[in-house]
Structures are given as C-alpha cells and as structure tokens.
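Visitor: Next input, structure requested:
(one chain, ligands or ions: 1)
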Amino acid sequence: MTIQLPNKLGVHALVWVGGWSHAECREAIQNTVDAGYDLIEIPALDPSLIDTEHTLATLKEFGIKAACSLGLSFDADINNEDSAIVAKGEAKLMAALDVVAAIEGDYLGGVLFSALGKYSHPATEKSRANSVASLKRLAIAAQAKGITIGLEPVNRYESNLINTIDQAVAMIKDIGEPNVKVHIDIYHMNIEEQDLASPIINNAEHIGYVHIGASHRGGLGSGNVDFDELFGALAKINYKGVITFESFSSAIVHPDLSLALAIWRNLWTENKPMALSARKYMVEHIVRSNNLA
Ligand code: MN
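Guide: Residues are numbered from 1 along each chain as shown. Predicted coordinates for the structure are as follows:
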C-alpha cells in the first residue's frame, strides 16, 4: 500500500541544470519526474530567460507543476532608498509573476524583499518601507492570478532585511495582504534562529512553503542539521504545503545564483543518486513525524 504523504515534494532545478535552455528545461523536468518528485522549483533571477511556452508544454508533457523563486540584485532592489532602483526591482518581480502565471504555477517565493547578497550596511526605515510598498503591489497583482507570494528569511550574508521568521511575519503584517506567506529554509534557520521548532510553531498560520537543505547545502543525511526537530515541528503544525529540496554544488553552475549563494565547493558530482536519496530521506522523516507507517 502506498502511504499518502501530507506534502508535495519538490526539487530545485539547480540540482539538475545551471541554465534554462530548451534542452536544460527538458532534462531538469525529466529528472525531477524520474526521481519521484511532484514539483520543480525554477530560479527566475532573470525572468526574461525563461521560455514560458516551452516550459509549460514540457511540464504538461511530464505531468508536474513548477514553482518559481528568485532573489533581487543590488541594481534592481526594492530594499533601497533610491526610487529608480526600487522601480527596477519591482519591475523584475512583476516580470517573475508573469512567468509563474504563464507556466500555470501558483507560487513565487525567495528573497523577493531585497537583493540576494551581502549588504555593507543595515536596512533603513525608508528602504524597508519601499520594500513593503512594492510587495503590497506585487501581492495584489498576484491575487488576480491566484498566486501566493513567499518571503524567505535568509542568513545575514544574503540579506540585511529579513533573517528570521519573526521578521518575515512582521513584514507580512505590514504588507497586509492575505496571499503573502513565510517561505522557511532550514539552512538559513540553522544559522539565524534560536532553534528549529519554536519559530515554526509560534508562526504556524504564516508558514506557506519549506526549503530543506543540509547545513553545507550538500546532500541530505550529512551535515549538522537536526531534521527530526524540523519535521517534528512541521507535523505538529499540520503543515500540508510543499517541501522542496535545495542543494548546490560547484558541479552545476548558474551564472548568477551560484555566485550569490557562494557555491565554491564540489559537495556532490552525481546528482541523480543524490536527489533520489534526498527524497527517500524526506519521505522517511515525514512518515515518522506524522506516524503514518
Ligand atoms: Mn532556500
């Protein structure tokens, strides 16, 4: 008998490919299905590089859905005091939203609130207010398309604005739109949070998407993260959303994302067995945490 899992399981496209040519799109979607995942997360740092018509046709051919994620860049950043830079950032977010709609997705997440990278200064009241205002317009535009917006707290070296789940929830309250959720990532939580359970339990109604990754962003089952604590907290809040596996190695290079995430080391070479074992690891933890066996 097949056990019905409470969560759809996703895999980040960078496990498979560094770009999104027609051949790479096909390879990534084929590998996602072959490894047993339900969803692929496509990075949309430059939304113009995604051929949405071809991507949608390929997703339909293989019978899976996609989510999109991105982080902004410093020259197109809504977390800035300069209105021209903010406008460029907002335009990029709106373009990414159009990509999600065109591939018939329902989720856009990531470091949508700021640039993805190390700032040399703290966020200011004004830059944060600009980010809130842009995200409110993005969320309203997303509502018309049935798309949820996810804010992903990342570690201090990757944003100066939202490093913890509490900060993301405060931002969501200021945005004040019902389709904005917290996109949690255990890799970042492991660096910035007090523990891996209480921020999830205390903010249960705001959790909308989950990234699973090892402490060094390599394969699952290695590293120092307490996955029992994390999956236990997700079971406790009865989380039914997507859980997506993220892993990065210098074996697969994205022209912008790999540099922004500081992927300098080769943590794996063989992506297929690595992705298969990651899915198995996730399923085992979900089954155990939810007493499904
Ligand atoms: Mn992540």
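Visitor: which SS state does the closest residue to Thr32 other than its chain neighbours fall under?
Guide: Counting by Cβ to Cβ, 6 or more residues apart in numbering, Ile40 is the residue found nearest to Thr32 once chain neighbours are left out, at 4.5 Å. Any C-beta I mention is one placed from the backbone N, CA and C, and that applies to glycine too. Look at Ile40: counting by DSSP: H, G, I helix; E, B strand; the rest coil, its state is strand.
Visitor: Okay, and the beta partners of Ile40?
Guide: Beta bridges link Ile40 to Val11, Ala66 when assigned by DSSP bridges.
Visitor: surely it meets Lys8?
Guide: No. The pair formed by Ile40 and Lys8 falls short of the contact definition of Cβ atoms under 8 Å, at 11.2 Å.
Visitor: what about those two, which has more around it?
Guide: Neighbours per residue (other Cβ atoms under 10 Å) separate Ile40 from Lys8, with Ile40 holding more: 27 against 16.
Visitor: Quick check: pLDDT value at the more buried one.
Guide: Ile40 is assigned a pLDDT of 98 by the prediction.
Visitor: so which helix or strand takes in Leu230?
Guide: Leu230 is located in helix 227-236, with elements delineated by DSSP states H and E.
Visitor: Going along the chain, name the strands of the stretch 101-250 of the chain.
Guide: Secondary structure of the stretch 101-250 of the chain (DSSP state E, counting those that start in this stretch): strands located at 107-115, 148-151, 180-185, 207-212, 243-245.
Visitor: Switch these over to JSON lines; also include distance to Leu135.
Guide: As requested, the strands of the stretch 101-250 of the chain are exported to JSON lines (distance: least, Cβ to Cβ, whole Å):
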{"stretch": "strand 107-115", "distance to Leu135": "6"}
{"stretch": "strand 148-151", "distance to Leu135": "7"}
{"stretch": "strand 180-185", "distance to Leu135": "7"}
{"stretch": "strand 207-212", "distance to Leu135": "14"}
{"stretch": "strand 243-245", "distance to Leu135": "21"}
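Visitor: Out of those strands, which gets nearest to Ser131?
Guide: The closest approach between Ser131 and any of these, judged by Cβ to Cβ, belongs to strand 107-115 at 4.9 Å.
Visitor: What helices and strands are in contact with that closest one?
Guide: Contact analysis of strand 107-115 by 3 or more Cβ pairs under 8 Å, 6 or more residues apart in numbering; DSSP states H and E lists strand 65-72, helix 83-102, helix 125-143, strand 148-151, strand 207-212 as its packing neighbours.
Visitor: what about 10 Å?
Guide: strand 39-43, strand 65-72, helix 83-102, helix 125-143, strand 148-151, helix 165-175, strand 180-185, strand 207-212 (3 or more Cβ pairs under 10 Å, 6 or more residues apart in numbering; DSSP states H and E).
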